[in-house]
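Asks: Please find the sequence and the predicted model below.
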Amino acid sequence: MRGTDGDTGDGDGDADGDEQRELNRQVDALQDNMNAQNQEDDSNNANNDNDNNPNSIQILLTGNTNPTDLRQARHMNRLVQCPGIVISAARIRSRARLVRIRCTRCQDSRTLTISGSYSGATLPMQCMGSEPQECKQCPYEIVPDECVYVDQQTLKLQEAPELVPTGEMPRTILVSAEHYESNSNANSKSNSKQVYLRAVGMSKNANANGGGGNTSTTSFTPAEQEAFRELSRVPFEQLYQIMTNSIAPSISGSYTLDLKKAMACQLFGGSFKQLPESNHMRLRGDINVLLMGDPSTAKSQFLKFIERVAPVGVYTSGKGSSAAGLTASVVRDSRGEFYLEGGAMVLADGGIVCIDEFDKMRPQDRVAIHEAMEQQTISVAKAGITTVLNSRCSVLAAANPVFGRYDDLRSASENIDLMTTILSRFDLIFIVRDVRDEERDKAICRHVMGVHMANNTTAMDAATSPSTEHTNTMDDVNDNDGSDNNGSSSRIAEQAMKVAKAAVVSSSSSSSAGGSGEQHPQRLDIHTLKKYVQYCRAKCAPRLSKQASEVLSSAYVKIRDDVRKKDGGNGAGNNNAVPITVRQLEALVRISESLAKMRLAPEATTDDVAEALRLFRVSTMAASNADAQSVQSNIVAAASGNSGEDVQRIEAFLRSRIAVQSVVSRKRIVEEAAAQGYDFYGVARAIAVMVMRGEVQEKSQGRLLKRII
């Protein structure tokens, strides 16, 4: 919403401020005159309707002025436009606008006008009639039946998440809405002794329909629309690569390619669908992604980047989040009234909520978001408040395996400590492994060192030459959200058009001569990518073509049949880490639609379905098929070629020799194992695995072993 005229600080008294204050006075005077005329007309009408009160006319303002940040809103009695999120709303109360008073002796009547939202009226100390000396002191009393009232509601406006500087708390301000602007859908607290905004016009974001339409009230200039349409005409292979390169460019590695493609699909999302049998039943178009893997694989960095580039992004940590903090909470204010405050998934309506440390959440808190992830609603029935809140957002979650790192000796179901009810709600589940490979480690080292060196060089160049163009790999991560130059409409259109033309030239040159178009990969900066995502979500809602739906149906049936054969033909699927259900079929539909939306196509083709199936196989199917036998066959034992079965036998021997809560010498237990014929390296590996699981704890620099469980 947008609040405008605000009492938010000290004015500067310049000419521009005088003009805006004069406009404020003129609007109030015009509205009073129109209401007075309306009251006079009604009084002259014999068939006067009691419902037509003298305040039935209200003037609302709208305009295209530059938005004023809440952190900069310090303009007393000036007209401003403030973007933000309404996080709570108080109950509607009646405020006296015209107070009718009457002398108790001479019946002299007067009318007092109350102009401000939190202002009051002072009764005269002496009678103002024809014989004031005959009346006592303070003779007037209020006549409630003849007073004129208006509806008043206090809203709490919080600055948008993308405008909050890193490391600071979001600021809030009160908004006073009157008459037709008031709304009775929520409850909150109000405080008349605080700084507030007086709303003289509102714009409500009512089209955030979960990826199927407008996700914000952002407007697009003709230059931006032309540039975005030109970018969408780029051959899809190159456009897909551009979007992939634009996702977290500072993170490199072969294992990140599919992760970036999945996040690109999540940003664009599928198409929201309304079921014909009810206006309240819908199919979500948002894509949920889970990153499960070892530490130091850039999971949190991915979440931070997606939070910034999403149309609406909210970042939270599972350890510090509760069910009420993610969904909604009912709070009692100082006057004993209950009001409703939305959590992270409500504030992220129309965007993406990023939940880090998803495995650290309490099980009861994870259960609370089941409804929000699938039905995209949050039902509240607390303290006499019964309502349903919208949470039409995607979920990007990151988690670690049960034992901190992925255990090669365990199946995927044993490593993933999440219930199947929550896993089935994720469209794509990636198992991210920290594979120890020399060539891969060298490549990662070169990239990390290049990022640090390029970032330092750019910082020094920027200090000496402000006009230097940033070309390093960290510019999209370290740029300032408050930079109007980087986020201006003209620069966004220019950058999108430049990338589109460069992609077309690269495509023509590579097709004619088989050139190397990968030497200078094209990508969009964070502002252009965010605006292009908003444009695609607002202008395009693709559907599956008939041929694509047939291909997808047959592929899903084959996947289910393969899972049934793998389980021995019983069809139960109890051994799978991730169940393959109809939800996964809907996930494939959403991924296919997101690929079509990426190029502003009205239909998803068979090529989109093929890419969706490929992403599904390398993510969810790979996690589902990672059982104990397939994992153990790929184990590379330490120094002696021990198999997984040998290590498990050694573990059984160690459990039989070390009692729970007992402390033994590591040297002595290794000697006993060697006397039984076990290999030294196999014993060392078994101890390391048990320490990693938390069964055994090392003490005295590894010389002693304590059995925990």
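Replies: Received, thanks.
Asks: what about C106, neighbour count?
Replies: C106 has 16 neighbours, counted by other Cβ atoms under 10 Å. C-beta coordinates here come from the backbone N, C-alpha and C atoms, glycine included.
Asks: Not including adjacent chain positions, what is the nearest residue to it?
Replies: G129 (4.6 Å; Cβ to Cβ, 6 or more residues apart in numbering).
Asks: who touches that neighbour in this structure?
Replies: Listed by Cβ atoms under 8 Å, 6 or more residues apart in numbering, the contact set of G129 reads 103, 106, 108, 135.
Asks: let's go with 10 Å and repeat that
Replies: Shown in contact with G129 (Cβ atoms under 10 Å, 6 or more residues apart in numbering): 103, 105-110, 135, 139.
Asks: again with S379
Replies: So S379 contacts 327-328, 371-372, 386-389 (Cβ under 10 Å, 6+ apart).
Asks: What residues of the helix or strand containing it count as buried?
Replies: Here S379 sits within strand 377-382, counting by DSSP states H and E. By 16 or more other Cβ atoms under 10 Å, the buried positions in strand 377-382 come out as 378, 380.
Asks: got the CA positions of that strand in CSV?
Replies: Extracted in CSV, the C-alpha atoms of strand 377-382 (Å, rounded to 0.1, in the frame of the first residue of the first chain):
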residue,chain,number,x,y,z
THR,A,377,-3.1,-20.3,3.2
ILE,A,378,-2.7,-20.0,7.0
SER,A,379,-5.7,-20.7,9.1
VAL,A,380,-6.0,-18.9,12.4
ALA,A,381,-8.5,-19.6,15.2
LYS,A,382,-7.2,-18.0,18.4
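Asks: quick check, distance from it to the centre of its chain.
Replies: 20 Å (Cα atoms, centre = their mean, to the nearest Å).
Asks: Give me the sheet partners of the helix or strand just after it and which way each runs.
Replies: Sequence order places strand 385-390 as the next helix or strand after strand 377-382, per DSSP H and E. Its sheet considered, strand 385-390 pairs with strand 377-382 (antiparallel) by DSSP bridges.
Asks: now, the most widely separated pair of the contacts of G129?
Replies: Maximum pairwise distance among the contacts of G129 (Cβ to Cβ): 14.1 Å, between R105 and R110.
Asks: returning to what we had before: which of the contacts of S379 has the largest number of neighbours?
Replies: For these, neighbours tallied by other Cβ under 10 Å; top is A372, 27 neighbours.
Asks: Find the nearest non-adjacent residue to that residue, please.
Replies: Sequence neighbours aside, S391 is the residue nearest to A372 in space, at 4.3 Å (criterion: Cβ to Cβ, 6+ apart).
Asks: One more: L30?
Replies: Using Cβ to Cβ, 6+ apart, the closest residue to L30 is I59 (6.4 Å).
Asks: re earlier: kindly state the pLDDT recorded for the residue nearest to A372?
Replies: Looking at S391, its pLDDT is 83.
Asks: quick one: it and T327 touch, right?
Replies: Yes. Using Cβ atoms under 10 Å, S391 is in contact with T327, at 7.5 Å.
Asks: helix or strand for A684, which one?
Replies: Going by DSSP H and E, A684 is part of helix 680-693.
Asks: Buried residues, the helix or strand following that helix. List them.
Replies: The helix or strand immediately downstream of helix 680-693 is strand 696-699, counting by DSSP H and E. Judged by neighbour count using 16+ other Cβ under 10 Å, the buried positions of strand 696-699 are V696.
Asks: i'd like the first residue to be 41 from this point on
Replies: Got it, first residue is 41 now, which makes that one strand 736-739.
Asks: immediately after strand 736-739, which helix or strand?
Replies: According to DSSP H and E, the helix or strand after strand 736-739 is strand 744-747.
Asks: buried residues in that following strand?
Replies: Buried residues in strand 744-747 (16+ other Cβ under 10 Å): 745, 747.
Asks: any low-confidence regions in the stretch 491-640 of the chain?
Replies: Across the stretch 491-640 of the chain, the ranges flagged by pLDDT under 70 are 495-527, 547-561, 607-617.
Asks: mind listing the helices for it?
Replies: Applying DSSP state H, counting those that start in this stretch to the stretch 491-640 of the chain gives helices spanning 515-518, 529-553, 566-579, 586-606, 622-638.
Asks: which ones are touching the closest residue to T460 other than its chain neighbours?
Replies: Closest residue to T460 apart from its sequence neighbours, by Cβ to Cβ, 6+ apart: P619 at 5.1 Å. Counting by Cβ under 10 Å, 6+ apart, P619 touches 460-461, 463-464, 603, 613, 660, 664.
Asks: Show the pLDDT at the residue located most distally from the centre of the chain.
Replies: Centroid-distance maximum for the chain: E174 at 69.3 Å, with Cα atoms, centre = their mean. With respect to pLDDT, E174 scores 76.
Asks: Tell me the spacing between it and R142.
Replies: 15 Å (Cβ to Cβ, to the nearest Å).
Asks: can you check A662 too?
Replies: A662 is 82 Å from R142, by Cβ to Cβ.
Asks: can you tell me the distance between the two ends of stretch 315-331?
Replies: Start-to-end span of stretch 315-331 (Cα to Cα, to the nearest Å) is 31 Å.
Asks: Show me how far that stretch is from its chain's centre.
Replies: 16 Å.
Asks: Just the buried positions in it, please.
Replies: Buried residues in stretch 315-331 (16+ other Cβ under 10 Å): 322-331.
Asks: Then stretch 338-348?
Replies: For stretch 338-348, by 16+ other Cβ under 10 Å, it's 338-340, 342-348.
Asks: Now, the buried residues of stretch 315-331 that are in strands?
Replies: Mapping these onto strands (DSSP state E) picks out 322-323, 329-331.
Asks: re earlier: contact partners for the residue nearest to A412?
Replies: 250, 326, 366-368, 382-390, 393, 409, 411-413, 415-418 are the contacts of S431 under Cβ under 10 Å, 6+ apart.
Asks: go with 6 Å
Replies: By Cβ atoms under 6 Å, 6 or more residues apart in numbering, the contact set of S431 is 385-386, 412, 416, 418.
Asks: Skipping its backbone neighbours, what lies nearest R273 in space?
Replies: R273 sits nearest to A540 (Cβ to Cβ, 6+ apart), 7.4 Å away.
Asks: What is the burial count for the one you found?
Replies: The burial count for A540: 22, using other Cβ under 10 Å.
Asks: Since that was my last question, I'll sign off now.
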